[in-house]
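Colleague: What follows is a protein structure lacking sequence information:
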């Protein structure tokens, strides 16, 4: 068994119910929340963000039920979590986009037109407002709209829409493109945008595949091709996915679910090398791939029957190796390993390396 490092015992999660930052001398009322009463939304190195949801009784018999959602921030080394955000919304509310090393939560406004930074002391900073523009070109009304698709620690993925209303035509012309704009002192720096996807008339430019990021590279899958862009230089590449005829449909409609800078995980059944587009492993011929949620240094990590297991992607004959008990929840990739929630505690599982004397012959780093 691999060694693990215990951070804190959380069989019962202590939740501080705060309506914002506590004033000096204000008493924080805490309650004990059973482990299954809070949903884990985001975990980064050092911090976890949970959500509790309670149905608003007046909407119980309504078609559009509303819930009182509360988002809590927990330092991994502590047993209490404090209220960060409270909002009334429908089911599935998750504003958590990213978090900084000091615990500042990055989320989007309901209209997805501004970025909010909520720091541990309760203070909130907001990015500038970016309004839609309207102009007339050759008697045609042209409207340009702006929306934030995703926020990262250092910038935002932005969708731009240009709608042209053509006289005597019922259907307007829609053009869409995506850019990455860095943050600069809590502002979205539009002067230094990098094009992620050029203009297209498609309503679904990412083909339903959410972009994944590792370092400065952003990848997604569309039309059986891996699309990649460098967020610093704007360099773009399209890598056709090598495929057999019987799997063409699967890869054409695949979506990226993980990326470590070297390997791309498509769904939970295909691992592809991002440089060549060649398949490293698939669950069509290797059942060990089932349940993979992450890769690192050509080792796959899967959650199977409540266990976190390592799969050597270079040795198809090697059995999965048990690492730790684990629940199917968001996990954090850290420099030393994987931060996972076992259902009772936070555990850092070191990155696995094959036995140097084993069949794969790969040495430990």
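Modeller: Yes, it's here. Worth saying up front: this structure is predicted, and the values here are computed from it rather than measured. Residues are numbered from 1 along each chain as shown.
Colleague: Identify each buried residue in stretch 322-332, please.
Modeller: Residues of stretch 322-332 classed as buried: 323, 324, 326, 327, 329, 330, 331, 332 (neighbour count, 16 or more other CB atoms under 10 Å). C-beta here means a position set from N, CA and C on the backbone, and glycine is covered the same way.
Colleague: Mind picking the lowest-pLDDT entry from those residues?
Modeller: The member of those with the lowest pLDDT is residue 329, at 71.
Colleague: Just to be sure, residue 191 is in a helix?
Modeller: Yes: judged by DSSP: H, G, I helix; E, B strand; the rest coil, residue 191 forms part of a helix.
Colleague: Regarding stretch 323-336, how distant is the last residue from the first?
Modeller: By CA to CA, to the nearest Å, the extent of stretch 323-336 from end to end equals 14 Å.
Colleague: From residue 235, how far out is the closest residue to residue 256 other than its chain neighbours?
Modeller: Using CB to CB, 6 or more residues apart in numbering and skipping the chain neighbours, the partner closest in space to residue 256 is residue 212 (4.8 Å). To residue 235, residue 212 is 17 Å away according to CB to CB, to the nearest Å.
Colleague: and what of residue 134?
Modeller: Distance from residue 134 to residue 235, by CB to CB: 34 Å.
Colleague: and stretch 277-286, what's its mean pLDDT?
Modeller: Averaging pLDDT along stretch 277-286 yields 84.
Colleague: what about it, how long is it end to end?
Modeller: For stretch 277-286, the end-to-end distance is 18 Å (CA to CA).
Colleague: what does it contact?
Modeller: 225-226, 239-243, 247, 263, 268-273, 288-290, 298, 300, 313, 316 (CB atoms under 8 Å, 6 or more residues apart in numbering).
Colleague: Now it: buried residues?
Modeller: Neighbour counts over stretch 277-286 (16+ other CB under 10 Å) mark 277, 279, 280, 281, 282, 283, 286 as buried.
Colleague: cool, stretch 53-68 as well?
Modeller: Counting neighbours by 16+ other CB under 10 Å, stretch 53-68 gives 66, 67 as buried.
Colleague: So that it lines up with my notes, have the first residue be 633 from now on.
Modeller: Happy to do that; since the first residue is 633 now, the last one works out to stretch 685-700.
Colleague: which residues are in contact with that stretch?
Modeller: Outside stretch 685-700, the residues touching it (CB under 8 Å, 6+ apart) are 671, 701, 702, 718, 720, 721, 722, 723, 725.
Colleague: One more: stretch 769-778?
Modeller: 745, 762-768, 790-799.
Colleague: Can you say which of these are buried?
Modeller: Here, 16+ other CB under 10 Å leaves 745, 762, 790, 791, 794, 795, 796 buried among the contacts of stretch 769-778.
Colleague: Go ahead and confirm residue 797 touches residue 768.
Modeller: No: with contacts counted by CB atoms under 8 Å, residue 797 stays clear of residue 768, the gap being 9.7 Å.
Colleague: residues touching the closest residue to residue 670 other than its chain neighbours, list them.
Modeller: Here the nearest residue to residue 670 in space, its sequence neighbours aside, is residue 682; by CB to CB, 6+ apart that works out to 4.2 Å. Residues near residue 682 by CB under 8 Å, 6+ apart: 645, 647, 670, 671, 672, 673, 703, 704, 706, 713.
Colleague: and the third one, what pLDDT?
Modeller: What it means is residue 670. Value for residue 670, per-residue pLDDT: 79.
Colleague: next one: the first one
Modeller: According to the model's per-residue confidence, residue 645 sits at a pLDDT of 33.
Colleague: what's the answer for the last one, then?
Modeller: Among the per-residue scores, residue 713 shows a pLDDT of 82.
Colleague: Name the residues of the helix or strand encompassing it that come out as buried.
Modeller: Using DSSP states H and E, residue 713 maps to strand 712-721. Buried residues in strand 712-721, counted by 16+ other CB under 10 Å: 713, 714, 715, 716, 717.
Colleague: you'd agree the second one is up against residue 704?
Modeller: Read it as residue 714. Yes: using CB under 8 Å, residue 714 makes contact with residue 704 at a distance of 6.3 Å.
Colleague: coming back round to it: list buried residues within the contacts of stretch 909-918.
Modeller: 857-858, 871, 873, 875, 879, 895, 900-905, 920-921, 930, 932, 945.
Colleague: OK, contacts around residue 908?
Modeller: So residue 908 contacts residue 871 (CB under 8 Å, 6+ apart).
Colleague: Please state the backbone phi and psi of it?
Modeller: Main-chain dihedrals, residue 908, degrees, to the nearest 10: phi -110, psi -20.
Colleague: Contacts only, for residue 729.
Modeller: Counted by CB under 8 Å, 6+ apart, residue 729 has contacts 738, 739, 740, 747, 782, 783, 784.
Colleague: nope, residue 983 is what I was after
Modeller: Contact analysis of residue 983 by CB under 8 Å, 6+ apart lists 928, 929, 931, 968, 969, 970, 997.
Colleague: Let me know the closest of those residues to residue 734.
Modeller: The closest of those to residue 734 turns out to be residue 968 (CB to CB; 19.4 Å).
Colleague: low-scoring stretches of the protein, by residue?
Modeller: Scanning the chain for pLDDT under 70 picks out the ranges 633-668, 833-841, 874-884, 960, 975-976, 987-997.
Colleague: what residue of it is the furthest out?
Modeller: residue 800 (43.3 Å; CA atoms, centre = their mean).
Colleague: burial count for residue 815?
Modeller: 18 (other CB atoms under 10 Å).
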